[in-house]
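Peer 1: just coords:
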């Protein structure tokens, strides 16, 4: 195996090779294997603190040796030290789905506590959702559901059988649970009305409402957005507030012909607040389509001109923080202050080349799960948001005022001019 890194400690050169430690007392002329690290711990790098040698690993945090590598002990204090696949805020608790377990943020806001879920044959947890009292999680081969808070798990059932691999995303809308399968060539969507016990093909449901084939779904604040497209027809954008049982047409002419090769390939859409972003990853990665007003108007955003090089920075997630937007991408985090028309990097403190797997807005912070680099957070104060007075509500007709029947939006981060802190509605 390749040596991943080196460290100098107490006059000894250490090399890190998978879960084994190499030690040289003659400046690398000869090497001896030392006591292996505890558990499945691919070591990446190390540092000497003077009295101890600390080694960080890809999956399992930090280990410490005070006897020149003869023995090792974990010193994680809850630190996962791994790539979390998905961050989820559920019932005021932030969860991280990662390798070998689901973790929740400790009360101190820095450490992570394992849930100790024991789903048979799971080596990684890709997502977690809650529907009623049921917990749902997923690995490549499909979702599993627990009716007792995670003590026992059973595999969810899909009438046609789950597709081969990569069921890695779960979403909830109006009491329904959605599972999303993506094998790199096409995406399939499944829906459950019984808390994750059984699923059916949501694309069939959409076709049953007389719409063109489903191209992509996005979820935001309990709302579902659907893009339907059939070659030779107009692409349409729909919104649903009842989990897809009924659809409201937002735009009957999404200008997908602005992409250089609109036919074929895969569309993806991302939603946050009133902004929808449409991307066409396989045949045109130089631009995205953006609507800041739920489909009333569209702009073709040239990614390089907007400060967002989509060729290298494929979008992974989109979240709203106040009236600003944040994108998680293959090259970190980007910020837009004008509804997605222009972007700037927002990577201060991060390794800029790392991908942001997922973003979450929680407890006055923006949280980012970074590929191979753990979970990071940054305070809302760094965004420079301006305080505003008034109600936060769902502007269904986009007329800029609250009309009868337009519900207030809970859990929206806002700045309190009284306390000088960020809070939620």
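Peer 2: Right, received. Where do you want to start? Just so we're clear, the structure is a prediction, and the values are computed from it rather than from any experiment.
Peer 1: tell me which stretches of the stretch 201-350 of the chain form helices.
Peer 2: Along the stretch 201-350 of the chain, counting by DSSP state H, counting those that start in this stretch, helices occupy 202-208.
Peer 1: show me where pLDDT drops low in it?
Peer 2: Along the stretch 201-350 of the chain, the model assigns pLDDT under 70 to residues 204-212, 232-233, 260-265, 281-286, 303-313.
Peer 1: try it again at 50.
Peer 2: Within the stretch 201-350 of the chain, the stretches with pLDDT under 50 are 311-312.
Peer 1: start and end of stretch 106-123, how far apart?
Peer 2: 23 Å (C-alpha to C-alpha, to the nearest Å).
Peer 1: can you give me the distance of the residue nearest the centre of the chain to residue 84?
Peer 2: The chain has residue 358 as the residue nearest its centroid, 2.4 Å off, counting by C-alpha atoms, centre = their mean. Distance from residue 358 to residue 84, counting by C-beta to C-beta, to the nearest Å: 7 Å. Placement of C-beta: from N, CA and C, glycine included.
Peer 1: let me know the pLDDT of the spatially most distant residue from the centre of the chain.
Peer 2: For the chain, the largest distance from the centre (C-alpha atoms, centre = their mean) belongs to residue 26, which lies 46.1 Å off. Here, the pLDDT recorded for residue 26 equals 92.
Peer 1: look up how far residue 32 lies from it.
Peer 2: Relative to residue 32, and taking C-beta to C-beta, residue 26 is found at 10 Å.
Peer 1: likewise residue 228?
Peer 2: Per C-beta to C-beta, residue 228 is found 63 Å from residue 32.
Peer 1: more neighbours: those two, which one.
Peer 2: It is residue 228, of residue 228 and residue 32, that has more neighbours when counted by other C-beta atoms under 10 Å, with 24 against 10.
Peer 1: do I have it right that that one meets residue 238?
Peer 2: Yes. Proximity of residue 228 to residue 238 meets the contact threshold set by C-beta atoms under 8 Å, at 7.0 Å.
Peer 1: circling back to that earlier point, what helix or strand does the residue nearest to the centre of the chain sit in?
Peer 2: strand 356-362 (DSSP states H and E).
Peer 1: ok, and what's touching that strand?
Peer 2: Outside strand 356-362, the residues that touch it by C-beta atoms under 8 Å, 6 or more residues apart in numbering are 83-89, 94, 105, 316-321, 326-329, 332-333, 366-371, 413.
Peer 1: buried set for it?
Peer 2: 356-362 (16 or more other C-beta atoms under 10 Å).
Peer 1: show me what the next helix-or-strand element following it packs onto, helices and strands only.
Peer 2: Downstream of strand 356-362, the first helix or strand assigned by DSSP H and E is strand 365-370. Where contact means 3 or more C-beta pairs under 8 Å, 6 or more residues apart in numbering; DSSP states H and E, strand 365-370 is packed against strand 86-90, strand 332-336, strand 356-362, strand 375-379.
Peer 1: let's have the ones you listed in TSV, adding distance to residue 9.
Peer 2: Listed next are the helices and strands packed on strand 365-370 as TSV, based on distance: least, C-beta to C-beta, whole Å:
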stretch	distance to residue 9
strand 86-90	35
strand 332-336	32
strand 356-362	32
strand 375-379	27
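Peer 1: these: which one's closest to residue 63?
Peer 2: strand 375-379 (19.1 Å; C-beta to C-beta).
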